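1. pasting the structure only:
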């Protein structure tokens, strides 16, 4: 495979190969890519005015403008599937996490589409000078990593959804450790949150995968010429079959169901990234964070 060296080991250079103009052209022919760094990226999508006004509109507009300018300077961002973003109601966005850029691309896009989700991010971001305060103003839900408080974090996430706000999470829990930069194993928190919120609301909470590729090749000290970055906001992932006996669950959804849903998210992310990159994932399997090795699919 193109991502392996002559000794059979991952080649770091091939893992961050820039997304070519030719590949972007092919994606554009299939999906009609749009520029998500401007508002609105697609016409006719009504902004959620109540949600916008409820989340520090002035601070949000300033942060959004700043992020958009940086994105435009450092990259050529394109996207498809934005019509899948609901105009109203709660939903979950499960986003890929190859680089820190992959935090800002889906969030900028959702904001430009007129939605204001809360988002799960490591608590350290809230302490960054200046921008940390902005993160808090625009909906950051701090996640104290390695704190042993996973259940508390999941409960707060469910509360956000049942209170009527959408939620964005990065279910890998950290930047992918896959040497070839494919989605790695998912923490089952995404499954617990989606299943429990669905039980409390009495219906399946819409769950969407947002997959971004291209930013790993950007040199942020000297980003010119600008690199291609493409994001797909995928169609709703169906997990209604996992909710059939939710009335019989105990205090929380069964771990087996949460694991299954997390696995479906990883598989869908891998499928979408395969199309964006125009290459196949490693035949040996996906990267498992717990063992730091490949696990057969």
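-> The structure has been received and is ready for your questions. These figures come from a predicted structure and were not determined experimentally.
2. Any chance of the backbone angles for the residue most central in space within the chain?
-> In the chain, the C-alpha nearest the mean C-alpha coordinate belongs to residue 95, at 1.1 Å (Cα atoms, centre = their mean). Backbone torsions of residue 95, given as degrees, to the nearest 10, read phi -110, psi 150.
3. Use 59 as the first number from now on
-> Sounds good: first residue 59 from here, last item residue 153.
4. That one and residue 289, how far apart?
-> Taking Cβ to Cβ, to the nearest Å as the measure, residue 153 and residue 289 are separated by 9 Å. C-beta coordinates here come from the backbone N, C-alpha and C atoms, glycine included.
5. Which neighbours do these two have in common?
-> Both residue 153 and residue 289 are in contact with 164, 268-270, where contact means Cβ atoms under 8 Å, 6 or more residues apart in numbering.
6. isn't residue 331 right next to residue 241, touching?
-> Yes: under the criterion of Cβ atoms under 8 Å, residue 331 is in contact with residue 241, at a separation of 6.5 Å.
7. any shared contact partners between these two?
-> 154, 269.
8. Which one of the two is surrounded by more residues?
-> Neighbour count, other Cβ atoms under 10 Å: between residue 331 and residue 241, residue 241 has more, with 26 against 22.
9. does that one really touch residue 154, like I thought?
-> Yes: counting by Cβ under 8 Å, residue 241 does reach residue 154; the two are 5.6 Å apart.
10. what do those two both touch?
-> Taking Cβ under 8 Å, 6+ apart as the contact rule, the neighbours common to residue 241 and residue 154 are 230, 234, 269, 327, 331.
11. Output those as JSON lines; include the columns distance to residue 208.
-> Output for the shared contacts of residue 241 and residue 154, formatted as JSON lines (distance: Cβ to Cβ, whole Å):
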{"residue": "230", "distance to residue 208": "14"}
{"residue": "234", "distance to residue 208": "20"}
{"residue": "269", "distance to residue 208": "24"}
{"residue": "327", "distance to residue 208": "21"}
{"residue": "331", "distance to residue 208": "26"}
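12. Which members of those are positioned in helices?
-> Secondary structure of the shared contacts of residue 241 and residue 154 is defined by DSSP state H; positions in helices are 327, 331.
13. Do you have the strands of the chain handy? List them.
-> Secondary structure of the chain by DSSP state E: the strands cover 133-138, 150-153, 176-180, 198-201, 225-227, 265-271, 285-291, 344-346, 351-353.
14. List just the one of those that sits closest to residue 80.
-> Across the strands of the chain, the minimum distance to residue 80, taken as Cβ to Cβ, is reached by strand 285-291, at 10.1 Å.
15. could you give the angle of the closest one to strand 133-138?
-> If you take axes from the mean of the first three to the mean of the last three Cα atoms, to 10 degrees, strand 285-291 sits at 20 degrees to strand 133-138.
16. ok, residues contacting strand 285-291?
-> Where contact means Cβ under 8 Å, 6+ apart, the residues beyond strand 285-291 that reach it are 76-79, 81-82, 85, 89, 91, 94, 129, 132-140, 142-143, 151, 159, 163-164, 167, 266-273, 275-276, 330, 333-334.
17. just how off-centre is that strand within its chain?
-> Relative to the mean C-alpha coordinate of its chain, strand 285-291 is positioned 12 Å out (Cα atoms, centre = their mean, to the nearest Å).
18. and that strand, which residues are buried?
-> Buried residues in strand 285-291, defined by neighbour count with 16 or more other Cβ atoms under 10 Å: 285-291.
19. how far away is residue 329 from residue 338?
-> If you measure residue 329 against residue 338 using Cβ to Cβ, the figure is 11 Å.
20. can you tell me which residues contact residue 175?
-> With contacts taken as Cβ under 8 Å, 6+ apart, residue 175 has the following neighbours: 151, 165, 168, 197, 223-226.
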